[in-house]
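Engineer: The sequence and its predicted three-dimensional model are supplied below.
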Amino acid sequence: ELKVEQNPLFLSMQEGKNYTIYCNYSTTSDRLYWYRQDPGKSLESLFVLLSNGAVKQEGRLMASLDTKARLSTLHITAAVHDLSATYFCAVGEGATNKLIFGTGTLLAVQP
Amino acid sequence: EAQVTQNPRYLITVTGKKLTVTCSQNMNHEYMSWYRQDPGLGLRQIYYSMNVEVTDKGDVPEGYKVSRKEKRNFPLILESPSPNQTSLYFCASSSRARDSYNEQFFGPGTRLTVL
């Protein structure tokens, strides 16, 4: 059974600092996704990672994937308040398009 | 605009009163799915559909039904809602085309409270 673990669950950081969110998964998968969710809102797709060593960047966010370690990271550079949200990683399971989600990381960027 | 829509967005009901949450997508996606989101549990899949007339159970299907009579619509039916079905519900869709990477697009969510 595929399981996805994220840590930390809660992250309070100051503006201008860097930090990393980790996403571990238990069995082989060929695709990993990062989503952002603002309070009371839907999930917004941030990154799709498909291969070992894949790295994608958008603004202050950079995601990477190590399929051998079954680990993805979401790195935040020089955080700003607008990045405050909950971030989810999700791993694709088999050929059914099913996503297994981590429990999410609540990021609070303090001025 | 490409989107997934859900209705209603908010619903308060009582135990046992049948309800339907509608979901519609305009992207011609084959795959559609329902999730529920609960604090500390992340998102869990309720049901999914690979195409018209093809549906299957997800991880938490008890107490729910779905149908897929048309490609664009995938309603979620609660025949006899109970308080433990109080949750935030999301519909999602994705293409099964190779170059879509199965990326799922989510609706705005339906907040359901069962009293």
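Structural biologist: Now that the structure is in, tell me what you want to look at.
Engineer: CA atoms of the biggest strand by length in chain B as PDB?
Structural biologist: Secondary structure assigned by DSSP state E gives strand B:42-51 as the longest strand of chain B. Output in PDB follows, covering the C-alpha atoms of strand B:42-51 (Å, rounded to 0.1, in the frame of the first residue of the first chain):
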ATOM      1  CA  GLY B  42      -5.200  15.100   4.100                       C
ATOM      2  CA  LEU B  43      -7.300  14.200   1.100                       C
ATOM      3  CA  ARG B  44      -8.800  10.800   0.700                       C
ATOM      4  CA  GLN B  45     -10.300   9.400  -2.500                       C
ATOM      5  CA  ILE B  46     -14.000   8.400  -2.300                       C
ATOM      6  CA  TYR B  47     -14.800   7.200  -5.900                       C
ATOM      7  CA  TYR B  48     -13.300   7.600  -9.300                       C
ATOM      8  CA  SER B  49     -14.200   7.200 -12.900                       C
ATOM      9  CA  MET B  50     -11.900   6.300 -15.700                       C
ATOM     10  CA  ASN B  51     -14.500   7.100 -18.400                       C
END
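Engineer: Tell me the helices and strands packed up against it.
Structural biologist: Applying 3 or more CB pairs under 8 Å, 6 or more residues apart in numbering or on different chains; DSSP states H and E, one finds that strand B:42-51 makes contact with strand A:85-93, strand A:98-101, strand B:31-38, strand B:54-57, strand B:65-66. No exception for glycine: its C-beta is placed from N, CA and C like everyone else's.
Engineer: hey, least reliable of those strands by pLDDT?
Structural biologist: With a mean of 89, strand A:98-101 has the lowest mean pLDDT of the helices and strands packed on strand B:42-51.
Engineer: Off-centre distance for the following helix or strand past it?
Structural biologist: With elements assigned by DSSP states H and E, the helix or strand that comes after strand A:98-101 is strand A:105-110. Distance, stretch centre to chain centre, for strand A:105-110: 13 Å (CA atoms, centre = their mean, to the nearest Å).
Engineer: Same check on stretch A:12-24?
Structural biologist: Worked out by CA atoms, centre = their mean, stretch A:12-24 lies 11 Å from the chain centre.
Engineer: Same question for stretch A:102-111.
Structural biologist: Mean-position distance between stretch A:102-111 and its chain equals 11 Å (CA atoms, centre = their mean).
Engineer: before we move on, what about stretch A:23-31?
Structural biologist: Worked out by CA atoms, centre = their mean, stretch A:23-31 lies 12 Å from the chain centre.
Engineer: Equivalent analysis for stretch B:81-98, please.
Structural biologist: On CA atoms, centre = their mean, the centre of stretch B:81-98 falls 3 Å from that of its chain.
Engineer: Distance across that stretch, terminal residue to terminal residue?
Structural biologist: The straight-line separation of the ends of stretch B:81-98 (CA to CA, to the nearest Å) is 38 Å.
Engineer: for stretch B:70-83, same thing?
Structural biologist: From its first residue to its last, stretch B:70-83 covers 30 Å (CA to CA).
Engineer: can you tell if it touches chain A?
Structural biologist: No: shown here: stretch B:70-83 not in contact with chain A (CB under 8 Å from any CB of the partner chain), separated by at least 13.0 Å.
Engineer: so B:Asp99 sits in a helix?
Structural biologist: Yes: per DSSP: H, G, I helix; E, B strand; the rest coil, B:Asp99 lies within a helix segment.
Engineer: partners of the helix or strand of chain A with the lowest mean pLDDT, with directions?
Structural biologist: Using mean pLDDT, DSSP states H and E, strand A:98-101 stands out as the lowest-scoring helix or strand of chain A, at a mean of 89. Using DSSP bridges, strand A:98-101 pairs in its sheet with strand A:85-93 (antiparallel).
Engineer: Since that was my last question, I'll sign off now.
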